[in-house]
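Participant: Predicted model, plus sequence, below.
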Amino acid sequence: MKICIIGYGKMGKMVENIAISKGHSINQIIDSPSDEVKGNSDVAIIFSTPESALPNIMKCFEKKLPVICGTTGWLNDIEKIKKYCEKNNNTFLFSPNFSLGVNLFFKINNSVSKIMKNSDEFDLRINEVHHTSKIDSPSGTALKIKKDIDSVLKKDTLIESKRIGSNNGTHEVIYESFSDLIKISHTAKNRDSFALGSIVCAQWIISQNGFFEMDDFLNDFL
């Protein structure tokens, strides 16, 4: 698989290293908004800044490149991408987090929220901690957790965000009553799983067509 990497920060470099170790090749690396996409790759993997996400995606669409996007903080424009895919026969998959562990965490939280739906005893909050150089706050992962839970419980769940040291990402969902505290948590030990997940999704998406989210991949893959 020939990959175009867009965004050459920590995650872009991790994608490069793991992709090469898996026998894939890197056809192009883009780290400037002024760079053009050549279009001679099989897929583009984007971990760019939020501000450049939409322009980068559109550059890939112009070259008919399937896109894997892990950039968060730009999701006000996600419906534009969905409509563009449907109209112009493009291919796109977004996830706020490509870690298999985190996506299992999403499913666990969805199940627990359904159990808690008819319980008035517990207050709910989400805590998330990331490294100090993370741009968006709350994290895309925390917003995904909130969206999923709120859709079930019909609440506006509070998210508390902290930026501390070099933390790769910790997310907690806490249910607390007068008598009990239930905590569901996930901590990323390193970034490898994020990069590996994006590459596995890239392998899958090159034979697909349309707009996808991580659940679409998991339902087909697991």
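Facilitator: Nice, I can see it.
Participant: gap between the residue nearest the centre of the chain and residue 186?
Facilitator: Centroid-nearest residue in the chain: residue 96, 1.8 Å away (criterion: Cα atoms, centre = their mean). According to Cβ to Cβ, to the nearest Å, residue 96 stands 13 Å off from residue 186. Quick note: C-beta positions are derived from backbone N, CA and C, even for glycine.
Participant: what does residue 108 give?
Facilitator: Residue 108 is 9 Å from residue 186, by Cβ to Cβ.
Participant: And those two? Which one has more around it.
Facilitator: residue 186 (21 against 13; other Cβ atoms under 10 Å).
Participant: buried set for whichever strand or helix holds that one?
Facilitator: Assigned by DSSP states H and E, residue 186 belongs to strand 181-187. Within strand 181-187, the residues that count as buried by 16 or more other Cβ atoms under 10 Å are residue 186.
Participant: hmm, who's touching that strand?
Facilitator: With Cβ atoms under 8 Å, 6 or more residues apart in numbering as the contact definition, strand 181-187 has outside contacts at 101-102, 105, 108-109, 112, 122, 168-176.
Participant: Mind exporting the C-alpha coordinates of the helix or strand that it is followed by to PDB?
Facilitator: Next in sequence after strand 181-187, counting helices and strands by DSSP H and E, comes helix 192-205. In PDB, the C-alpha atoms belonging to helix 192-205 read as follows (Å, rounded to 0.1, in the frame of the first residue of the first chain):
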ATOM      1  CA  ASP A 192       1.500   3.000  18.700                       C
ATOM      2  CA  SER A 193      -2.100   1.800  18.800                       C
ATOM      3  CA  PHE A 194      -3.300   5.100  17.300                       C
ATOM      4  CA  ALA A 195      -1.000   4.900  14.300                       C
ATOM      5  CA  LEU A 196      -1.400   1.100  13.800                       C
ATOM      6  CA  GLY A 197      -5.200   1.500  13.900                       C
ATOM      7  CA  SER A 198      -5.100   4.200  11.200                       C
ATOM      8  CA  ILE A 199      -3.000   1.900   9.000                       C
ATOM      9  CA  VAL A 200      -5.300  -1.100   9.400                       C
ATOM     10  CA  CYS A 201      -8.300   1.200   8.600                       C
ATOM     11  CA  ALA A 202      -6.400   2.400   5.500                       C
ATOM     12  CA  GLN A 203      -5.900  -1.100   4.300                       C
ATOM     13  CA  TRP A 204      -9.700  -1.600   4.600                       C
ATOM     14  CA  ILE A 205     -10.900   1.600   3.100                       C
END
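Participant: Off-centre distance for the helix or strand following helix 192-205?
Facilitator: Remark: after helix 192-205, the chain's next helix or strand is strand 210-213, criterion DSSP H and E. Distance, stretch centre to chain centre, for strand 210-213: 13 Å (Cα atoms, centre = their mean, to the nearest Å).
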